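1. one predicted model, sequence on top.
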Amino acid sequence: MSTRGKILIIDDDIEFSKMAQMWLQNAGYEVLTAEDGVEGMRRIYSSRPNLVLTDGVMPKMDGWEVCRRVRDMSDIPVLLVTVKNQKSDRLKGFGLGADDYIPKPVDFSELVARVQAVLRRAGGETQENERSSFHNGEIEVEWRSRQVWVRGERVKLSPTEFRILACLIKNRGWIVTHDQLLEKGWGPNYIGDKSFVKLYIRYLRRKIEADPQKPRFILTERGVGYHFNIEGDEKDSPRREHRDESKEFAQAA
């Protein structure tokens with residue numbers, strides 16, 4: 001039995017599933033398969049995988065709907081693998097809560113590396129030297145459980161939303177660049193594409209800010225990135241240098 005985690009592959013392409021299963025098993029994962037989205041959702045409920053790898057185009061239920069349903073019920077990482085590779089398709093996938101997006105045809109060594117990176121990011125927010133929570137009067141974050149409350153109400157964040165919020169909070173007082181947020185949220189393969197960051201900042205502001213059109217906490221540094229305003233009031237711009245993340249927990253509340 002694998003000790004690295006359980007992966008569910010949902011794809012009607014049997015040859016792709018066999019190859020992906022072989023590569024992932026060789027990397028130490030337990031691998032389950034399903035041939036369409038309906039069967040895949042049943043396997044998710046019954047087997048509780050650590051990551052779902054799904055094709056976008058399938059019979060009965062496509063991967064986009066699988067992604068949406070998974071995200072509605074859990075924080076299980078979802079990796080979309082599909083022949084659709086337009087920027088609009090990637091934005092759609094990330095908008096539905098996908099953690100990564102790989103176009104077909106696939107380099108299977110890269111697929112394994114992406115799976116490892118997504119699982120590492122999904123479980124990597126908590127460090128031994130981290131305080132248990134952050135709170136500033138309106139926003140409270142429990143790091144270990146990854147739960148967030150805003151003005152006393154629990155808000156549900158996708159794993160990517162949580163990673164971006166955590167990066168901003170832990171680097172509060174410093175500007176976090178677009179590329180730094182891209183690497184934290186999606187990994188180094190997405191550095192350079194600001195549209196993903198802008199999309200998720202918009203999602204976060206809808207959930208965190210009282211008025212998303214007039215944000216008080218997640219503030220834009222035009223042309224550079226964003227910073228978290230801990231007090232939620234008007235302040236001078238923070239320092240432009242990015243703090244080393246190895247020290248990010250030292251000032252946690």
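-> Good, I have the coordinates.
2. all strands for the stretch 1-150 of the chain, in order.
-> 6-10, 30-34, 51-55, 78-82, 100-103, 133-135, 139-142, 147-150 (DSSP state E, counting those that start in this stretch).
3. do the stretch 151-253 of the chain as well
-> Secondary structure of the stretch 151-253 of the chain (DSSP E, counting those that start in this stretch): strands at 153-155, 176-177, 218-221, 225-228.
4. re the thing from before, out of the strands of the stretch 1-150 of the chain, the one nearest residue 184 is which?
-> Residue 184 lies closest to strand 100-103 among the strands of the stretch 1-150 of the chain, at 13.3 Å (Cβ to Cβ). The C-beta positions use only the backbone N, C-alpha and C, and glycine is treated the same way.
5. the closest one packs against which elements?
-> strand 78-82, helix 87-95, helix 108-122 (3 or more Cβ pairs under 8 Å, 6 or more residues apart in numbering; DSSP states H and E).
6. quick one: list the elements packing against the longest one.
-> Under the contact definition 3+ Cβ pairs under 8 Å, 6+ apart, helix 108-122 sits against helix 14-26, strand 51-55, strand 78-82, strand 100-103, helix 159-170.
7. output the second one as CSV, restricted to C-alpha atoms.
-> Spelled out, it's strand 51-55. Extracted in CSV, the C-alpha atoms of strand 51-55 (Å, rounded to 0.1, in the frame of the first residue of the first chain):
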residue,chain,number,x,y,z
LEU,A,51,-6.0,14.4,-5.1
VAL,A,52,-8.3,14.2,-8.1
LEU,A,53,-6.9,14.2,-11.6
THR,A,54,-9.7,14.7,-14.1
ASP,A,55,-10.1,15.2,-17.8
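8. which residues make contact with it from outside it?
-> 5-13, 16, 20, 37, 40, 44, 62-63, 66-67, 70, 76-82, 111, 115, 118-119, 122 (Cβ atoms under 8 Å, 6 or more residues apart in numbering).
9. mean pLDDT lowest for which of the strands of the stretch 151-253 of the chain?
-> When the strands of the stretch 151-253 of the chain are compared on mean pLDDT, strand 176-177 scores lowest, with a mean of 88.
10. touching it from outside, list them.
-> So strand 176-177 is contacted by 167, 168, 224, 225, 226, 227, 242 (Cβ under 8 Å, 6+ apart).
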